[in-house]
Structures are given as C-alpha cells and as structure tokens.
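# Sequence and computational prediction follow.
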Amino acid sequence: MTRTREHWGSRIGFILAAAGSAVGLGNIWKYPYMAGQHGGAAFTLIYLICIFVVGLPILLAEFAMGRRTQLNPVGAFRTLSGNKTWKWVGFLGVSAAFIILSFYSVIGGWTIKYTFLALLGAFGDFTPGSDVSARMYDAFINKPFEPALWHLLFMALCILIIARGVKSGIERWSKILMPLLLVILVVLVIRGITLEGSMEGIRFLFQPKWGDLGASGVVAALGHAFFTISLGMGAMITYGSYLQPDSDLLKSGLAIILLDTAIALLAGIAIFTAVFAFGENPAEGEGLIFVVLPTLFPQIPGGSIFGILFFFLLFVAALTSAVSILEVVTAYFIDEKGWNRSRTTFLFGGIIASIGVLASLSLSGYNILSPLGDLTFFGLLDTVSYKYMLPVGGFLTAVFVVVRWGVPQFIEELISGTSLSRAPVPVVTTFFVVAGLVVAYILLSEVWVVVKSWFV
Ligand code: TRP
C-alpha cells in the first residue's frame, strides 16, 4: 500500500510548528531559573554561543535528513546509511520521546493547575518573602492524585492535536497558539520593565558576572542548548520530513533559532524585572516560577491578570512542545509499521500518559524507585534523557553526517530548492566536527561527575 505523506500547508506554518516545538518549558521555566543560579549574563552568553556553534549545525542536519528521506528518525537513519546499524540512533530518539514526554507532561499538568489557581485569585494575599506560596506548591505536588489528573488532562490535549494530523492538528494549533504566546509575552515584558527597580533585573541578565559561572554552569548551558531547540531525538527530523523539497532550510533554521532565543530572553526579562523589583532571590532554583512569582503578582498593579496570562503562556508553550515529542512516536509507527494515525496516537499517547502517572506519583511518596534510594522515578526519567540520551543522539547525528551520509550530500540537500551557492565541504565539515567535539565534552564531563561521586 502506498500512502501519500502529509505536508505542511505553508512555510510560515512549518516555522511556527518547529518554533512551537522549540519554545517550551525549557525557555520559560528552565532557562530563567538556570540563568538565575549560574551568574545571569555569563550563563546567557555561553548558552548563546552553544546555540549557534552546536545547535544550528545539528538542527540543519536533522531538517535535511528528514526532508531528504520523508521519513521518521528510524527510517531516515536506515535509508541514508544503507545499513541496519545506524537505525539504532533513530530508535534511541524514539525511546527518548517516550521518556521525555512522560515527565514533561507532568509539569504541563502543573501549568494548567496554576492557570486555574491564578484565575480563581488564589495568590490574592501572598506577600514576597512569606512561605505561603512555597507551602501551597509543596502541598500540591505532594498530593498523589491531583497532579496526576492534571497531567492526564494535558496528555489528552496532546493526543487530540496529534490525532488530527500534521496540517489540521499541529500546524493549525501552532498558527493560533504561537502568535498568542508572543503577544502575551510582550505584554508581560512591558509590565516588567515599567516596574520601579526593574533595571536591576535587566542588568543581572545582560551584565556578566563571571565569578558566578562555574564548570557546572558551562555544562548546564551546553545541555540546555540541546533541549531548548528540541535536538538529539529526531523531533526535527520528523518535522523536516513533512517539508516539500522547495523550502529554504537555512533560512527556516535561523528563524527558528532566533525565535527560540528571543523568547527565552524575553521570558528572562519579564521574570527578573519583577524578581529584582521586589528584592527576591534570583537563584531560587526550580521554584522560581511556581513559588516566587505567585508572591509577586499581588504586588503589581493589575497583577491578577498578569498572573493568569503568565501561567497560560507557560501552558501554551508546553503544549506545542509536547505535541512535537508525541509526533516522533506516532510518525515512527505510521511509517514503519503502517499503522493508522489515530489508533497509534491513542495507544502510545495512552502508554506515555500511564508512565507519566508513575512519574507524577513518584514526587508524592509513591515512588516506585524508593527501594533504590532517594532518586525519584521522575528524576530518573529527567536525568537519563536530558543529560545522556539527547547529547548522545546529537553527537551521533553529527558523526553520522560526517562519516556516513557525507557532508557533500548534506550540502546538496541543504541548498536544494534555494539559490544558495554550494558551501565549501571543509568549512561545513569543520562546523560538524566542532559541534561533535563540544557535545562529546558535555557528555564526558557528565560521566566524570558521576564517576567522581563514586569515589568520594
Ligand atoms: N524544546 C522544548 C523546550 O524547550 C522541549 C522539547 C520539545 C524537546 N521537543 C523536544 C526537547 C525534543 C528535546 C527533544 O521546552
């Protein structure tokens, strides 16, 4: 049976969908709190360098592999390599999709809960510095069932979008949600910079304090560059596979990276202007969004509205990213097993949702890993994918282009359908070699930290 592959309806539709994948909890939740912990501007600068040195080549490689083969990651590696070994890199990606989505959607559930809390005025009498919001957050994530139910609701929304397909599911919703996200973010940035004392927040974000940036900050910046552009597990191979041959990959790739970076920086501005205006601690860590911000909204004129907008923004960003992860799994079963889209999406979306329930429960004392020590199941999924599977996937993608597919073939695909002239092979090869070395460095330093901890 031959099927006709679905394609994006327009160039802007593709850019918004891919930017929707890239812009997520990574930009609005994780980037600001990591920058807060690792010296603000110094961290930001390293992160920006990594995005362009490592992120851009690997993003373009993923797009080119997808468009060339019109297949999911497993099919793309198999077809371009002409042997059976490389397809395991694709499998690594599909497995990473299962793992990442099952904890990502737990936080996705929290964003829905917090949007409702904001709507109901639950932050109304919080004051900066008091611990009421920390208690509210702890009480919520320590409940066994409630967070799991919000997670299931979040997964249900993802499944409904993916079941509709590429054009009328992913593209349609990205075209509605991404512009909405930008408008909300701009409103929040304007509110932030017009607060008294906000400039200190801007300075924190843009004036490097090198002393606060240690080796762990550099490694975190490198790892984050991967996560934030959705690299290393074939999400961008999958989205690239729905492109027609005539699109300009370089221009689209640059647009996506610039949008992703701009949105992370804008989120940083919206958050740190408020954090500094009220003298809060920028290095609060993971609780910066769910604990500190709820105490600030009541102090800001019109704050209850801005609180609702903020958590809704976080939810929208998480949803358009989560769908891109589910699509990797769905595309694999459609292409390789010939399954139909809605059956695949409901079945595997359901399996991921069930693993996610275990991840959610593990934060509340029902941790299936508790016989093994302190590690939660949630923490395990997060660490394994974020620190290891994505960098390994990205590294192998760079190696694949250089040693197997071939840099000339990559360049051919990159410029096909455009008027770009052929870039010299040695220059492009150097980009991939540098990207590969940087990623190998992240991986080795992570492994080194673990090995060292065994001996002390
Ligand atoms: N990039 C998203 C974020 O910043 C997360 C994400 C979506 C992702 N798809 C991915 C990460 C694929 C790695 C691989 O939140």
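Structure's in. What do you need?
# Which residues are in contact with Tyr388?
Contact analysis of Tyr388 by Cβ atoms under 8 Å, 6 or more residues apart in numbering lists 443, 446. C-betas here are computed from N, CA, C, even on glycine.
# So it, which state does it fall into?
helix (DSSP: H, G, I helix; E, B strand; the rest coil).
# now it: how far from Val447?
According to Cβ to Cβ, to the nearest Å, Tyr388 and Val447 sit 9 Å apart.
# what about the residue of the stretch 301-450 of the chain with the smallest separation from the ligand, which helix or strand?
Across the stretch 301-450 of the chain, no residue is closer to the ligand than Ser321, which sits at 3.8 Å (Cβ to the nearest ligand atom). Ser321 belongs to helix 303-337 when assigned by DSSP states H and E.
# and the helix or strand just after that helix, what other elements does it pack with?
Next along the chain after helix 303-337, taking DSSP H and E as the criterion, comes helix 341-361. Contact analysis of helix 341-361 by 3 or more Cβ pairs under 8 Å, 6 or more residues apart in numbering; DSSP states H and E lists helix 87-119, helix 145-163, helix 303-337, helix 377-383 as its packing neighbours.
# Can you give me the buried ones in the longest one?
The neighbour-count check on helix 303-337 (16 or more other Cβ atoms under 10 Å) flags 303-304, 306-336 as buried.
# in the chain, which helix or strand is least confident?
When each helix and strand of the chain is scored by mean pLDDT, DSSP states H and E, helix 287 comes last, with a mean of 79.
# roughly how far is that helix from the heart of the chain?
Between the centre of helix 287 and the centre of its host chain there is 18 Å, according to Cα atoms, centre = their mean, to the nearest Å.
# do stretch 421-433 as well
With Cα atoms, centre = their mean as the basis, stretch 421-433 stands 28 Å off its chain's centre.
# Quick check: buried residues in that stretch?
Neighbour-count burial for stretch 421-433, counted by 16+ other Cβ under 10 Å, picks out 428-429, 431-432.
# Strands along this protein, start to end?
Ranges of strands in the chain, per DSSP state E: none exist.
# residues in it within reach of the ligand, list them.
Applying Cβ under 6 Å from any ligand atom, we find that the chain lies next to the ligand at 21-22, 24-27, 100, 227-228, 230, 233, 235, 321, 324-325, 390.
# Which of the residues you listed sits closest to Lys175?
Checking the residues of the chain next to the ligand against Lys175 by Cβ to Cβ gives Ser21 as the nearest, at 13.8 Å.
# Setting aside sequence neighbours, what's the nearest residue to that closest one?
Ser324 (3.4 Å; Cβ to Cβ, 6 or more residues apart in numbering).
# In contact with the nearest residue to Ile159 once chain neighbours are set aside, which residues?
The shortest distance from Ile159 to any non-neighbouring residue, by Cβ to Cβ, 6+ apart, is to Gly349 (3.8 Å). Applying Cβ under 8 Å, 6+ apart, we find Gly349 in contact with 155, 158-159, 162, 326.
# change it to 10 Å
101, 105, 155-156, 158-160, 162-163, 326, 329-330 (Cβ atoms under 10 Å, 6 or more residues apart in numbering).
# can I get those in JSON lines with pLDDT?
As requested, those are exported to JSON lines (pLDDT from 0 to 100):
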{"residue": "Leu101", "pLDDT": "97"}
{"residue": "Ser105", "pLDDT": "98"}
{"residue": "Met155", "pLDDT": "98"}
{"residue": "Ala156", "pLDDT": "98"}
{"residue": "Cys158", "pLDDT": "98"}
{"residue": "Ile159", "pLDDT": "98"}
{"residue": "Leu160", "pLDDT": "97"}
{"residue": "Ile162", "pLDDT": "97"}
{"residue": "Ala163", "pLDDT": "97"}
{"residue": "Leu326", "pLDDT": "98"}
{"residue": "Val329", "pLDDT": "97"}
{"residue": "Thr330", "pLDDT": "97"}
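# from the residues you listed, which would you call buried?
With burial judged by 16+ other Cβ under 10 Å, the buried subset of the contacts of Gly349 is 101, 105, 155, 158-160, 162-163, 326, 329-330.
# The residue nearest to Ser21 contacts Val166, correct?
No. Using Cβ atoms under 10 Å as the test, Ser324 is too far from Val166 to be in contact (11.1 Å).
# Name the residues contacting each of those two.
Common neighbours of Ser324 and Val166, using Cβ under 10 Å, 6+ apart, are 17, 238-239.
# Could you rank those by neighbour count and give me the top one?
Thr238 (30 neighbours; other Cβ atoms under 10 Å).
# From Val316, how far off is that one?
For Thr238, the distance to Val316 (Cβ to Cβ) stands at 21 Å.
# Next: Ser324.
From Ser324 to Val316 the distance is 14 Å (Cβ to Cβ).
# now do Leu59
Using Cβ to Cβ, we find Leu59 at a distance of 22 Å from Val316.
# And Leu437, by the same measure?
Going from Leu437 to Val316 by Cβ to Cβ gives 36 Å.
# Now Ser421: phi and psi?
Per-residue torsions, Ser421: phi -90, psi 160 (degrees, to the nearest 10).
# Equivalent analysis for Thr418, please.
phi -130, psi 170.
# quick one: it and Asp248 touch, right?
Yes. Thr418 is within contact range of Asp248, at 4.6 Å (criterion: Cβ under 10 Å).
# These two: which is more packed in?
Set Thr418 next to Asp248 and count neighbours by other Cβ under 10 Å: Asp248 wins out with 17 against 13.
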